[in-house]
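**Q** Provided below are the primary sequence and the corresponding predicted coordinates.
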Amino acid sequence: MLDRFTKTALVLMVVLTAIFIVGAYLGYIGGHEMEGTDAIVEEHAASTAVNVEATSSVPAITDMVGEPLGFTIAGIVAGFIVGYLWTGLFRREENA
Amino acid sequence: MHISDGILTPEWCLVWFAIAIPFIAIGVWQMKRGTKENASYLPMLAMMGAAVFIISVWHIPVPVTGSCSHPIGTPMSAIIVGPFPTVVLSTIALFFQTFFGHGGLTTLGANTVSMGITGTFGGYLIYVLLRKINSPLWVAAGMAGFVGDILCYLAAALELALSLNPGSVLSHWAIYSLGYMPTQLPLAVAEFVFSAGIVQYIADRRPDLMLGKLWGEVTDA
């Protein structure tokens, strides 16, 4: 059995992940465009560049493949970890 | 603070890589030493790596500014697993974040310097100083998060100014910093809260997971 600390930490991680996913979904269906500060500052910086040509570019893999690929890999790894710990997490105490 | 490919000049990309590499090498060496001394260190490294990745990739909307940004998580990680190993973790996180459209491969060194080195060591220094004057653990950890977060963005602004505006570095550093701050200050407060909470929680429940042996008595609750 896992100790109380590990259980609490894992439950907390699951709750935080759930909050992130729900938040992302609500943001997605809400359709509000809140541009990232990084991009805003970068665009301004590129426009003020002296003697250099600066244009922001992101790896081509990002557009269509990157996020699904990243989440797939993360999901597979997380699935193996949770599966490995499953009995320790959810097994009932015999004398409970 | 994720600077994209194509923004920095090649010379500056190389400079930031040259600065980052020694920190990464020391971090790898300390990771090896830490795993030999403490069996719990490896899973804690994995957990901190995942935490830094998620914390520093998730853009949180800040309604008052109409834009979004993210905390960095590296000050918290530095307190728990050490600053040099945190540089390695943040480099790995930044590499995978390029898949999500954050940052870039040619700017990996620059982003490592801002998030992995400046944010980490700046926050960790504040933590050590506050612990030296007997500040409560949660206050020291929280202030590390707050200061590390702000320093990270100041470093990113400096990187942009050095590369793009070599004739007026200071004024453009100020301009870019001011561009980051309205969104970043509220998030730095959030960084204070979760850094303080998580470090205090681990110190209360599992102090053996804090690297007291490697990083001195300052990590004791």
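**A** Looks like it came in fine.
**Q** can you list the weak-confidence ranges in chain B?
**A** Within chain B, the segments meeting pLDDT under 70 span B:63-64, B:66, B:211-221.
**Q** tell me which residue lies farthest from the centre of it.
**A** B:Gly167 (28.8 Å; C-alpha atoms, centre = their mean).
**Q** secondary structure element for it?
**A** Of the helices and strands defined by DSSP states H and E, none includes B:Gly167.
**Q** that one and chain A, how far apart?
**A** Relative to chain A, B:Gly167 is positioned 6 Å away (C-beta to the nearest C-beta, to the nearest Å). C-betas here are computed from N, CA, C, even on glycine.
**Q** roughly how far apart are that residue and B:Cys13?
**A** 20 Å (C-beta to C-beta, to the nearest Å).
**Q** and B:Pro71, that one's in a helix?
**A** No: read with DSSP: H, G, I helix; E, B strand; the rest coil, B:Pro71 is coil and lies in no helix.
**Q** what sits against it?
**A** The contact partners of B:Pro71, taken as C-beta atoms under 8 Å, 6 or more residues apart in numbering or on different chains, are B:55-56, B:60, B:145, B:149, B:187-188, B:190-191, B:194.
**Q** strands of chain B, residue ranges please.
**A** With strands called from DSSP state E, chain B shows them at B:60-62, B:67-69.
**Q** could you redo those as CSV and give each row distance to chain A and mean neighbour count?
**A** Below are the strands of chain B laid out as CSV (distance: least, C-beta to the nearest C-beta, whole Å; neighbours: other C-beta atoms under 10 Å in any protein chain shown):
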stretch, distance to chain A, mean neighbour count
strand B:60-62, 5, 17
strand B:67-69, 4, 23
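**Q** one step back: which of the contacts of B:Pro71 are buried?
**A** Neighbour counting with 16 or more other C-beta atoms under 10 Å in any protein chain shown marks B:55-56, B:60, B:145, B:149, B:187-188, B:190-191, B:194 as buried within the contacts of B:Pro71.
**Q** for these, which one is nearest B:Leu209?
**A** Using C-beta to C-beta, the shortest approach to B:Leu209 within the buried ones among the contacts of B:Pro71 belongs to B:Phe194, at 17.2 Å.
**Q** the closest one contacts B:Met76, doesn't it?
**A** Yes: the pair B:Phe194 / B:Met76 is scored as a contact, 7.1 Å apart, by C-beta atoms under 8 Å.
**Q** overlap in contacts of those two?
**A** By C-beta under 8 Å, 6+ apart, B:Phe194 and B:Met76 have these common neighbours: B:Gly145.
**Q** at the geometric centre of chain B, which residue do we find?
**A** In chain B, the C-alpha nearest the mean C-alpha coordinate belongs to B:Thr74, at 3.2 Å (C-alpha atoms, centre = their mean).
**Q** neighbours of the nearest residue to it once chain neighbours are set aside, how many?
**A** Closest residue to B:Thr74 apart from its sequence neighbours, by C-beta to C-beta, 6 or more residues apart in numbering or on different chains: B:Thr120 at 4.3 Å. By other C-beta atoms under 10 Å in any protein chain shown, the residues close to B:Thr120 number 34.
**Q** so B:Thr120 sits against B:Val147, correct?
**A** No: in this structure B:Thr120 lies outside contact range of B:Val147 using C-beta under 8 Å: 11.3 Å.
**Q** find the residues that touch each one of those two.
**A** Common contact partners of B:Thr120 and B:Val147 (C-beta under 8 Å, 6+ apart): B:Pro75.
**Q** redo the strands of chain B as a markdown table? Include distance to B:Ala39.
**A** As requested, those are exported to a markdown table (distance: least, C-beta to C-beta, whole Å):
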| stretch | distance to B:Ala39 |
| --- | --- |
| strand B:60-62 | 35 |
| strand B:67-69 | 37 |
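**Q** hey, which helix or strand in chain A has the poorest pLDDT?
**A** One helix or strand of chain A scores below all others by mean pLDDT, DSSP states H and E: helix A:61, with a mean of 54.
**Q** can you show me the helices along chain B?
**A** In chain B, the segments counted as helices under DSSP state H are B:10-37, B:41-57, B:74-81, B:83-97, B:108-111, B:119-132, B:137-164, B:169-205, B:212-215.
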